[in-house]
Each structure stands twice: as structure tokens, then as C-alpha cells.
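**Student:** Sequence plus the predicted model coming up.
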2 protein chains.
Amino acid sequence: MPKTMEFWFEFASTYSYLAAEHIGDRARQAGVEVTWRPFLLGPIFAAQGWRDSPFNIYPAKGRYMWRDMDRLCAHYGLPFRKPSAFPRNGLMASRLTLVGMAEGWGPAFVQAVYRANFADDLDIGNAEVLSSILTDLGVQPDAAMDKATSSAIKESLKAQTERAMTLGIFGAPSFIVGAELFWGHDRLDHALAWAQTH
Amino acid sequence: MPKTMEFWFEFASTYSYLAAEHIGDRARQAGVEVTWRPFLLGPIFAAQGWRDSPFNIYPAKGRYMWRDMDRLCAHYGLPFRKPSAFPRNGLMASRLTLVGMAEGWGPAFVQAVYRANFADDLDIGNAEVLSSILTDLGVQPDAAMDKATSSAIKESLKAQTERAMTLGIFGAPSFIVGAELFWGHDRLDHALAWAQTH
């Protein structure tokens, strides 16, 4: 039986950008199959009384996170620019990801959306930005957008976010291996090692 | 000039236990001199509106942290038992640490206090528990306690906690290298690498 892991990410999450860049290669090296699961942190944060990103609510934590991202992206050789708006709305991008996962262009789309947000400072909530990303990937944007706004996909994203809450997920990125939850880009290797040995 | 780093820790912090166990060897290998700086998170949390540990305020985060500690301690071969009371009061232990840092028994005392709290489930706010730890280290407990309750040491801990806030510290463990802040046991190696190269 192949070793498997679920990768839970939210498009507004800076550290999910790092995970989306690294998980493909690391999982291949580890021989672990990854299921990519977009979800929304908004409803989960709202359930614990937050109406904004904790990085905005707690300024010291926010200042630290941006500096940490600067240093980590320099360390990993990834492009990074603090976006002029944060957090950006990842609803449409998440729905498109569900379409892309069924059609084979999901992971490349996810990585392109993260780069648009965190390297190119583009509004990933804007349909034109998303259309342009789809076109670059050779995906017909209108058809993908139509599917992404179907009630089936809308319900599917809603159900996935509810499942995240049931799994005890409270932040992103998160990794699920069996009954185990791992939180944060810095737990990616631990989660992969767990998948290999359990 | 020797490379240097400040290690900021709070006795109620679970992840600081991991850092206190690892920092000695890692820093020696890296050729970095470490200054151990106890401080209190209570006033810092209170300033952002928390009257308790965030791991108690946010249950999903708390459940995750305990499981994460279980797994990490197993991984590192460190003893760990979820304490029956959390967070415990580290005020007296922090004052004693300031005495110990001046007298050369600081790091060993810090490690023993963390083990008492997180491996042996002892109340580190209790003077008898602390006296027993001091005796085991060959330190005369009454003399150390007298110094620890002097106004000089009390003021010194207060000033250190205020300095932590000025430095932008919002959690523990934290590492300071020059003007750079690193937060979390999982940033220890990054902080040491920064100290080596800057």
C-alpha cells in the first residue's frame, strides 16, 4: 500500500507558499503520495473569535512573520515580496484548485497562485489575475471558471473546510498522516517521516 | 570577535524545554556563544489581551501542541509527560536562574527545572521542588533563594521581561542574533546559522 499524506493549505497563508513549493520534491523523494486539499481559514478563525488574520490582530507576531518569510525565502531561493494587501481572498482560487485537482493542473495552479500573491503582489481574488494564470498553464479559463462556480464545487469546498475543522486543523499549512496532524511548513519533513514509518 | 546569540525562554513554555535541551551542543558545534535569558510571558500575553496560555484559550491549538510534544520528545529521545497543571508559575525559577547564570550553575538548573515540569510533573512554583533541584546540583538552596528574592534580582527579571517586549519577543523560545529575532525551537538551527554568517 502506498504511503499517503494530505496537504491542507489556504491561499492567504504565507507559510503555505513555502510548503506548496517544497512538498512535491520532498514527497517524491520520500515515496509518499500527496493529496492537495485547499480550504478556508476564515470560518475556522471566526470560530475562535478572530475576524482577521492573527498576523494583523497581533502586530508583534505579524512583524515577525514578514521578516521570517524574508529570511526563509532568501534561504530557499524563492522570490518573495510582502503583498500590499493581506490577507487576500482565496475563495475563487480554492474552488478552481478543486477543479484543477480533478483535471491534473492543480499543483501547478496552486504554486502559480502563491507566486502571484507573495512574489508578484497580484490580487488573487481578482478573476482576471486567475484567468491569466490559467491561460499560462494552458487551461481554458472560461470553462474552468464555469466549473469552479458550479454548486457541486462550491459545496465541495465548504465540506472540505468543515472536514478541516473536524480534523482539528487550526492553521495552515497542515499535514494529515493517518490520525496525526502536523502543523506548519517546519513540520513537513516530520510528517513525511511519519508517513514512511507508520 | 566570537559569534553570539541570546536564548530567551519561559519556564511554562513546552517548546522552550526542547530548546534548553538542544542549545548547548548545537551552539558549541556552531561555535556560537549563548547568553541564557529567562523572562516571563505573562505580562507579554496580558498586553495582547490573554489572561492564560494561548494553548488553553484555543483548545484545538492546545490539543495539537501536546501531541506534537509527545512526538517530538519521542523523536529526540527526551522524557515527556503532559503536566497535570499548565501553565505552572516560573517566577521563582526565573529569579533563581539569574542567580545561577552569575554563579555558573544556570544552564544545568534550567534543564533540571524543565525536566521537573515536563517529565516528572512536579510543581516548579513550589520552593521545596526548587530547593531539591538546587541541592542535586550541589548548590546551597537557602543562600540561592535569599539572593533570588533580593530586590536586585527581582528588578533584573522585571527589566529583562520589559526588554523582551522591546525586542519584539511575543513567545518562547526566542533567539536574538544582532537585530534579528527567531521564534520557536524549530528556528534554533536557522538562528545559529545566522549567527555564523552575519
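**Tutor:** Nice, thanks for sending it over. Residues are numbered from 1 along each chain as shown, chains lettered A, B, ... in the order given.
**Student:** right, and residue A:84 touches residue A:121 too?
**Tutor:** Yes: the pair residue A:84 and residue A:121 qualifies as a contact (Cβ atoms under 8 Å) at a distance of 5.6 Å. All C-beta atoms are positioned from the backbone trio N, CA, C, and that covers glycine.
**Student:** and these two? which has more neighbours close in?
**Tutor:** Neighbours per residue (other Cβ atoms under 10 Å in any protein chain shown) separate residue A:84 from residue A:121, with residue A:121 holding more: 13 against 9.
**Student:** Quick check, the more buried one in contact with residue A:80.
**Tutor:** No: applying Cβ under 8 Å as the test, residue A:121 and residue A:80 come out as separate, 10.3 Å apart.
**Student:** Which residues of chain A lie near chain B?
**Tutor:** A:48, A:58, A:60-61, A:63-64, A:67-68, A:71-72, A:75, A:168-171, A:180-184, A:186-187, A:190, A:194 (Cβ under 8 Å from any Cβ of the partner chain).
**Student:** Filter these down to the buried ones.
**Tutor:** With burial judged by 16 or more other Cβ atoms under 10 Å in any protein chain shown, the buried subset of the residues of chain A next to chain B is A:58, A:60-61, A:64, A:67-68, A:71-72, A:168-171, A:180-184, A:186-187, A:190, A:194.
**Student:** For chain A, give me the ranges with low pLDDT.
**Tutor:** Nowhere does chain A drop to pLDDT under 70.
**Student:** Show me what the residue nearest the centre of it bridges to in the sheet.
**Tutor:** Of all residues in chain A, the one closest to the mean position by Cα atoms, centre = their mean is residue A:9, 3.0 Å from it. On the basis of DSSP bridges, residue A:9 is bridged to residue A:38.
**Student:** show me the contacts for it.
**Tutor:** Residues counted as contacts of residue A:9 (Cβ atoms under 8 Å, 6 or more residues apart in numbering or on different chains) are A:16, A:19, A:20, A:36, A:37, A:38, A:39, A:110, A:172, A:173.
**Student:** Check residue A:34 too.
**Tutor:** Applying Cβ under 8 Å, 6+ apart, the residues near residue A:34 are A:4, A:5, A:6, A:7, A:23, A:24, A:27.
**Student:** Ok, residue A:96 next?
**Tutor:** Contacts of residue A:96 (Cβ under 8 Å, 6+ apart): A:109, A:130, A:134, A:144, A:145, A:148.
**Student:** Out of those, which sit inside strands?
**Tutor:** Using DSSP state E to define strands, no part of the contacts of residue A:96 is located there.
**Student:** May I see those organised as TSV, with neighbour count added?
**Tutor:** Output for the contacts of residue A:96, formatted as TSV (neighbours: other Cβ atoms under 10 Å in any protein chain shown):
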residue	neighbour count
A:109	24
A:130	25
A:134	23
A:144	22
A:145	17
A:148	23
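**Student:** all strands for chain A, in order.
**Tutor:** So, for chain A - with DSSP E - the strands run A:3-9, A:32-38, A:174-177, A:180-183.
**Student:** list the buried ones in the second one?
**Tutor:** Going back to what we said before, that points to strand A:32-38. For strand A:32-38, by 16+ other Cβ under 10 Å, it's A:32, A:34, A:36, A:37, A:38.
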